[in-house]
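1. Dropping the sequence and predicted coords here.
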Amino acid sequence: MISNFLTVGQQVVVLFILIGVGFVCKKATLISDKAIKSLTNLALYVATPCVIIVSFQNCEFTSDKLVNMLVMILSVAIIHIGSIVVCTLIFRNKDEAKKVVLRVGSIFSNCGFMSLPLQKAILGNDGVFYGAIYVAVFNIFIWTYGLVAMSGDKKELSLKKLITNPGIVGVVIAILLWVFHIQLPTILYSPIDYLGALNTPIPMIIIGCQLANTSLKSMFTDKYSYLCIGIRLVAIPLVSLFLLYLFGVRGNMLVATVIATSAPSAATTTMFATKYDRDVPLSVSLVSATTLASIVTMPTIVAISQMFA
């Protein structure tokens, strides 16, 4: 247990050092708010799809792997449905603006920016393979349930937004190449590989910049922040671990899923809260507080999952 904790903890610390770089750069005004937006677009639309494609290219297609992919899709869907039901029952505030932020902030993890780099570091390409599938299912839920919950209007649902989401597009391209045994030539693979390598430093620097824009004191003044930390960082990953183990999921699939579920609140929470005039300060506090708290919770929970893998 201790050796597992130290191994995972070391990788998490590496990520937080990168977050620290982003924090310092923002405080020193080396990175502007406009630059943060540009870096976010670079990570979302370029780096993340590239790292997903590379991981599938380095993963041999087998019938067992295909079955694992289907099991992963089903498992992640069940995790999200269960989380939605539980958080709907827990957060029943009269204040609609606060209620939806608490629900979305607790249900959805930062599985793209925070989890993929850690899955890559601990599990290699196999970790990114399962992580990419998690991200694809996550995107389906956050751009359907999450969007409707935050906007309060089902008319906001858009098939175009869903199918053009970079996380989903990257997975679809990667799966098609993988299933049809298409290996990219070096002249294409190499630049995609280089761009995919950006998926670790850039998202961490972005998170650091966002933390620099947040009052550290305000993160922990709202009592709901603590409840969200408990649900997002402890309850959901531990219950997911228990259920996955109970139904026979083992190995890298188990660990990769737990890494994704143990990540802090999704940055999309703040994006939606801003767009639909919800409780923006609360959303920033939730994302920031869970990000800081995850430096302790993620190594612990992931180390536990490795014991059961």
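-> That came in fine, so what should we check first?

2. State the number of residues packed around Leu292.
-> Residues lying near Leu292 (other C-beta atoms under 10 Å) number 18. Heads up, the C-betas are built off the backbone N, CA and C, glycines and all.

3. scratch that, Ala35 is what I was asking about
-> Should you count by other C-beta under 10 Å, Ala35 turns out to have 14 residues around it.

4. is it true that it lies in a helix?
-> Yes. Checked against DSSP: H, G, I helix; E, B strand; the rest coil, Ala35 lies within a helix.

5. backbone phi and psi for Ser109, please?
-> The phi/psi pair for Ser109 (degrees, to the nearest 10) reads phi -100, psi 160.

6. In space, what's closest to it - neighbours in sequence excluded?
-> Ala263 (4.0 Å; C-beta to C-beta, 6 or more residues apart in numbering).

7. Ok, Thr261 next?
-> Thr261 sits nearest to Pro237 (C-beta to C-beta, 6+ apart), 4.2 Å away.

8. In which helix or strand does that neighbour reside?
-> helix 236-246 (DSSP states H and E).

9. Pull out the buried positions in that helix.
-> Within helix 236-246, the residues that count as buried by 16 or more other C-beta atoms under 10 Å are Ile236, Pro237, Leu238, Val239, Ser240, Leu241, Leu244.

10. what's the spacing between the residue nearest to Ser109 and Ser38?
-> Ala263 sits 23 Å away from Ser38, going by C-beta to C-beta, to the nearest Å.

11. One more: Val14?
-> 24 Å.

12. And these two? Which one has more around it.
-> Val14 (15 against 11).

13. what pLDDT, on average, does the helix or strand where the more buried one lies get?
-> Using DSSP H and E, Val14 sits in helix 2-27. Mean pLDDT, helix 2-27: 84.

14. Against which helices or strands is that helix packed?
-> When contacts are defined as 3 or more C-beta pairs under 8 Å, 6 or more residues apart in numbering; DSSP states H and E, helix 2-27 packs onto helix 116-123, helix 201-212, helix 280-308.

15. mind pulling up the phi and psi values for Phe247?
-> The phi and psi values for Phe247, taken as degrees, to the nearest 10, are phi -90, psi 20.

16. any idea whether the spatially closest residue to it that is not a sequence neighbour is helix, strand or coil?
-> Of all residues not flanking Phe247 in the chain, Ser75 sits nearest, at 8.0 Å (C-beta to C-beta, 6+ apart). Secondary structure assignment for Ser75 (three-state DSSP): helix.

17. Just to check, the residue nearest to Ser109 is in contact with Pro117?
-> No. The pair Ala263 / Pro117 is not scored as a contact, 10.4 Å apart, by C-beta atoms under 8 Å.

18. What's the separation between the residue nearest the centre of the chain and Gly131?
-> Nearest to the geometric centre of the chain sits Cys111, at 1.1 Å (C-alpha atoms, centre = their mean). Taking C-beta to C-beta as the measure, Cys111 falls 7 Å from Gly131.

19. Overlap in contacts, these two.
-> Common contacts of Cys111 and Gly131 (C-beta atoms under 8 Å, 6 or more residues apart in numbering): Ala260.

20. Poorly predicted segments of this protein, please.
-> Applying pLDDT under 70 to the chain flags the ranges 1, 4, 216, 218-220.

21. Contact partners for the residue nearest to Ile207 when sequence neighbours are not counted?
-> Computed as C-beta to C-beta, 6+ apart, the closest residue to Ile207 that is not its neighbour in sequence is Ile19, at 5.2 Å. Ile19 makes contact with Met204, Ile205, Ile207, Gly208, Leu211, Thr291, according to C-beta under 8 Å, 6+ apart.

22. which one is the fourth one nearest to, not counting chain neighbours?
-> To tie it back to what came earlier, the one meant is Gly208. Gly22 (2.3 Å).

23. quick one: that neighbour and Ile202 touch, right?
-> No. Counting by C-beta under 8 Å, Gly22 sits too far from Ile202 to count as a contact (9.2 Å).

24. Please identify the helix or strand for Phe61.
-> Applying DSSP H and E, one finds Phe61 in no helix or strand.

25. when you give positions from now on, start the count at 16
-> OK, 16 is where the count begins now, so the last one is Phe76.

26. Who are the contact partners of the residue nearest to Gly223?
-> So Gly37 contacts Ile46, Met219, Ile220, Ile221, Ile222, Gly223, Cys224, Leu226, Ala227 (C-beta under 8 Å, 6+ apart).

27. ok, of those residues, which come out buried?
-> Looks like the contacts of Gly37 have Ile46, Met219, Ile220, Ile221, Ile222, Gly223, Cys224, Leu226, Ala227 buried, using 16+ other C-beta under 10 Å.

28. Among the residues you listed, which one sits closest to Ile274?
-> Nearest to Ile274 out of these is Met219 (C-beta to C-beta; 15.1 Å).

29. I'd say the closest one and Leu33 touch.
-> Yes. The criterion here is C-beta under 8 Å, and Met219 meets it with Leu33 at 3.5 Å.
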